[in-house]
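Asker: Below are the sequence and a predicted model for it; my questions follow.
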Amino acid sequence: MTAGRKRFVSPVLTAVMLTVSLGWAPLASAGADDVAAAESAARDVMEAFLAAFNDRDEAAWADTLHFPHVRIASHDVAVYPDRAAFLEAADLNAFAEQTGWDYSTWDDMQIVQASAEKVHIAVNFSRFDPQGARLATYASLYVVELLDGRWGVRARSSFAP
């Protein structure tokens, strides 16, 4: 800017900048402790999800979810409107027989976005056969939410079949 020249700031631009900055204020105001607690709770849900899956306990697995629950995989979107619909579709013993799967592990779990009430987690997981040989490794994204005082997986998108 040259000396002696006044800087012009458009009142419209100023209003837009204030609106945008104020619009983000609620996100910025979430306390670091609240977000850290949300991240911890989301990780706990993910561990419970995998434990129930590995135990082939469909009821406990459903307890880690929120409904409606969405799974995106294999070029398909499955929406389970409620717990009963999920349990009707879930058969982990049949899954094991069809695929040779015995158990899975979280290989990597990275929180990519978080607020006090919702956490997005990018994971890599592996499936293993009964002898402990790795069958495959897949990347997924899980959306974990706090609803009615309880954390649960609302949606997941996976490259796994």
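Answerer: Sure, I can see it.
Asker: Regarding this structure, what is its longest helix?
Answerer: With DSSP state H applied, the helix covering the greatest number of residues in the chain is identified as helix 32-55.
Asker: quick one: buried residues of that one?
Answerer: 35, 38-39, 41-43, 45-46, 48-50, 52-54 (16 or more other Cβ atoms under 10 Å). For every residue, glycine as well, the C-beta is placed using N, CA and C.
Asker: can you check stretch 145-156 too?
Answerer: Neighbour-count burial for stretch 145-156, with 16+ other Cβ under 10 Å as criterion, is recorded at 145-146, 151-156.
Asker: Now for residue 158: which residues touch it?
Answerer: When contacts are counted by Cβ atoms under 8 Å, 6 or more residues apart in numbering, residue 158 touches 71-73, 138-141.
Asker: need those in JSON lines with pLDDT, can you?
Answerer: Shown next, in JSON lines, are these (pLDDT from 0 to 100):
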{"residue": "71", "pLDDT": "97"}
{"residue": "72", "pLDDT": "97"}
{"residue": "73", "pLDDT": "95"}
{"residue": "138", "pLDDT": "97"}
{"residue": "139", "pLDDT": "97"}
{"residue": "140", "pLDDT": "98"}
{"residue": "141", "pLDDT": "98"}
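Asker: What subset of those is buried?
Answerer: 71-72, 138, 140.
Asker: Out of those, list just those in helices.
Answerer: Using DSSP H, no member of those falls in helices.
Asker: possible to save these as JSON lines with distance to residue 79?
Answerer: Formatted as JSON lines, the buried ones among the contacts of residue 158 follow (distance: Cβ to Cβ, whole Å):
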{"residue": "71", "distance to residue 79": "8"}
{"residue": "72", "distance to residue 79": "10"}
{"residue": "138", "distance to residue 79": "21"}
{"residue": "140", "distance to residue 79": "17"}
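Asker: Can you work out which other helices and strands pack against the longest strand along the chain?
Answerer: Secondary structure of the chain per DSSP state E: the longest strand is strand 134-147. Packed against strand 134-147 by the contact rule (3 or more Cβ pairs under 8 Å, 6 or more residues apart in numbering; DSSP states H and E) you find helix 32-55, strand 118-128, strand 150-158.
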